[in-house]
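Q: Here is my input, please return the structure:
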Amino acid sequence: MAARGRCPECGSAALVEDAHYAQQQLVCAACGCVLAEGLLTTTYTEEEHLREVAYSQSTGQKEQLSRCLQRGIRRVQDLCKVLQLPAVFEETAVSYFQRALQLPAFHLASLEKKELLGGCCVLVTCRQHSWPLTMGTVCSLLYAKQDLFASVFLSLQKELGLSVPALSLADLVTTHLSSFRLFQPAASVPAPFLEDKEKLLARTMAIVELASETWLVTGRHPVPIVTAAAFLAWQSLQPGPRLSCPLARFCRLAGVDLPPPAHLRLKELLEILLGMASQLSWLRGFALDKKTVVKHIGDLLQHRVFLLKSAFSQHDGQEQLDTAPGQGSPSSPPVAQAKGCPSAGKRQPGGPLRPLLPPCLLHPRKRLRPAAPSAPASAPTGDEPISDSEIEQYLRSPEEIRAFRKAKAW
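A: You can find the predicted model right below:
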């Protein structure tokens, strides 16, 4: 049905009224310009009041958000099915996703971050239920970069105010070893390299606990330590055919990535084991090295509490280090300086024990020189007044004096 007037775009007089989903619109037949739109009587907010609103205010404007929400929910559900999570986990993760998508921080985020948001909700849910799931596993399933995933994960915690407990080391060991390909026969894995999962898990857990007791875990990424511990546990269960297998080949056979620091963690663990083996009575007659000590890991772990106290000083070594060099008894030899690993302090016959300290204290990194001051400062004379707020910095307890001497000696 033709209408009067002209199109403001092209000047054509061919204007018609066209029904668009039961809504009358005035459209130019020449260029397609919509000059006016009709009114709807059924909308998501005005339906019960039967009020008429324009199409731009109707449910048509909410369809894009609904599709985005539906795709995200399906993505969360699919991820839960792949990970074989319980139904209650799926419901919790979906509720987190729905809440997060309503916030401006995620509603206006890029499509890539919205896709990662579902994985973050699944990870948060698993952490809250103590389900062993790592961030690396979710990133590999979503083909996502870990740094971007971590930023979305932290934003989700902040925006929703969620309390997410950290993954325990024992759960991480279980999760990491479950991805190994050494438990089922395969063409790429030789028969002597196959191992029982429960035996490998138990031995790896014991070595990781040893690493935790000897300060090798504190302040470090756990995956390289777990990888090195699993390698030693795997070798010690059948030393004969496995001692010649290097760490890189072990990771290829297991189907896991080799973290660069794993070689350093392996070296530190071997030095700890050598120090413990030197105190085991039936091993003192053998010339053990980093390969042959692997054969005796079972015995070392069985008596680890006694061997650690015998091989490394816990309390007595602190008193020995409090004495400055040259002030000890004439008959006592100096402390043996270990080379290489931070945990290489073994007891020397007739010599004092070296304390078991964190690697950062044994081998501190060289600090950068402070920048020169812009304006020349006057040389201190020692007569400057000390304010009340600074006086506490100059007071030292006997424990602080001993700690200072020990650090100075090292």
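Q: Could you list the low-pLDDT ranges of this structure?
A: Applying pLDDT under 70 to the chain picks out residues 1-4, 18-24, 37-66, 313-355, 365-379, 382, 386-396.
Q: where do the strands sit along it?
A: Applying DSSP state E to the chain gives strands spanning 2-3, 15-19, 24-28, 34-37, 39-40, 53-54.
Q: Could you tell me which residues within stretch 216-229 count as buried?
A: 216-217, 220, 222-229 (16 or more other CB atoms under 10 Å). Glycine gets a C-beta too; all of them are placed from N, C-alpha and C.
Q: In JSON lines: those residues, plus distance to residue 171.
A: As requested, these are exported to JSON lines (distance: CB to CB, whole Å):
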{"residue": "216", "distance to residue 171": "19"}
{"residue": "217", "distance to residue 171": "14"}
{"residue": "220", "distance to residue 171": "17"}
{"residue": "222", "distance to residue 171": "10"}
{"residue": "223", "distance to residue 171": "13"}
{"residue": "224", "distance to residue 171": "17"}
{"residue": "225", "distance to residue 171": "14"}
{"residue": "226", "distance to residue 171": "11"}
{"residue": "227", "distance to residue 171": "16"}
{"residue": "228", "distance to residue 171": "18"}
{"residue": "229", "distance to residue 171": "15"}
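Q: Kindly indicate which of these lies nearest residue 14.
A: residue 223 (70.3 Å; CB to CB).
Q: what residues are up against that closest one?
A: Listed by CB atoms under 8 Å, 6 or more residues apart in numbering, the contact partners of residue 223 are 136, 172, 176, 259.
Q: go on, residue 127?
A: By CB under 8 Å, 6+ apart, the residues touching residue 127 are 133, 164-167.
Q: Could you turn the buried ones of these into a ChimeraX selection?
A: Command for ChimeraX that selects the buried part of these, burial taken from 16+ other CB under 10 Å:
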select :133,164,167
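Q: returning to that earlier point: of all the buried residues of stretch 216-229, which comes closest to residue 268?
A: Closest to residue 268 out of these is residue 216 (5.5 Å), distances taken as CB to CB.
Q: For residue 385, give its distance to residue 200.
A: Relative to residue 200, residue 385 is positioned 65 Å away (CB to CB, to the nearest Å).
Q: okay, the two: which has more neighbours?
A: Relative neighbour count places residue 200 above the other of residue 385 and residue 200, with 19 against 5, counting by other CB atoms under 10 Å.
Q: show me what contacts the more buried one?
A: 177, 180, 182-183, 230, 233-234, 237.
Q: can we see that at 10 Å?
A: Listed by CB atoms under 10 Å, 6 or more residues apart in numbering, the contact partners of residue 200 are 177, 180, 182-183, 230, 233-234, 236-237.
Q: The stretch 251-400 of the chain: helices as residue ranges?
A: Assignment of helices within the stretch 251-400 of the chain using DSSP state H, counting those that start in this stretch yields the ranges 262-277, 297-302, 304-311, 316-322, 359-362, 398-409.
Q: Could you pick out the longest helix of this protein?
A: Longest among the helix segments of the chain by residue count, using DSSP state H, is helix 63-82.
Q: Please identify the buried residues of that one?
A: Within helix 63-82, the residues that qualify as buried by neighbour count (16+ other CB under 10 Å) are 69, 72-73, 75-77, 79-80.
Q: Let me know the closest of those to residue 408.
A: Nearest to residue 408 among the buried residues of helix 63-82: residue 79, at 54.3 Å, using CB to CB.
Q: pretty sure the closest one is in contact with residue 90, am I right?
A: Yes - with contact defined as CB atoms under 10 Å, residue 79 reaches residue 90; the gap is 9.0 Å.
Q: where do the contact lists of these two overlap?
A: Residues touching both residue 79 and residue 90 by CB under 10 Å, 6+ apart: residue 122.
Q: per-domain residue ranges of this structure.
A: Residue ranges for the structural domains of the chain, counted by the TED database, are given in the record as 1-50, 68-167, 170-313.
Q: Let me have those in CSV, extended by distance to residue 358.
A: Formatted as CSV, the entries for the domains of the chain read as follows, by distance: least, CB to CB, whole Å:
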stretch, distance to residue 358
domain 1-50, 61
domain 68-167, 20
domain 170-313, 4
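Q: Looking at these, spot the one closest to residue 398.
A: The stretch from the domains of the chain with the least distance to residue 398 (CB to CB) is domain 170-313; that distance is 19.2 Å.
Q: quick one, what contacts the residue nearest to residue 90 when sequence neighbours are not counted?
A: Nearest non-adjacent residue to residue 90, counting by CB to CB, 6 or more residues apart in numbering: residue 80, 4.2 Å away. By CB under 10 Å, 6+ apart, the residues touching residue 80 are 86-87, 89-94, 118, 121-122, 125-126.
Q: now, which of those residues lie within helices?
A: Where these overlap with helices, as defined by DSSP H, the overlap consists of 87, 89-94, 118, 121-122, 125-126.
Q: from the residues you listed, which single one is nearest residue 402?
A: Each of those was checked against residue 402 using CB to CB; the closest is residue 126, at 45.4 Å.
Q: Go ahead and confirm that closest one touches residue 83.
A: Yes - taking contact to mean CB under 10 Å, the distance of 7.9 Å between residue 126 and residue 83 places them in contact.
Q: okay, and the common contacts of the two?
A: Overlap between the contact sets of residue 126 and residue 83, as judged by CB under 10 Å, 6+ apart, is given by 89, 133, 137-138.
Q: so how far is residue 226 from residue 209?
A: Remark: distance between residue 209 and residue 226 (CB to CB) = 12 Å.
Q: Show me whatever sits in contact with both of the two.
A: Applying CB under 10 Å, 6+ apart, one finds that residue 209 and residue 226 are jointly contacted by 169, 173, 217.
Q: who's in contact with the last one?
A: Same thing as residue 217. For residue 217, the set of contacting residues under the criterion of CB under 10 Å, 6+ apart consists of 169, 208-211, 225-226, 265.
Q: if we can go back for a sec, looking at the helices of the stretch 251-400 of the chain, which is closest to residue 287?
A: Across these, the minimum distance to residue 287, taken as CB to CB, is reached by helix 262-277, at 10.9 Å.
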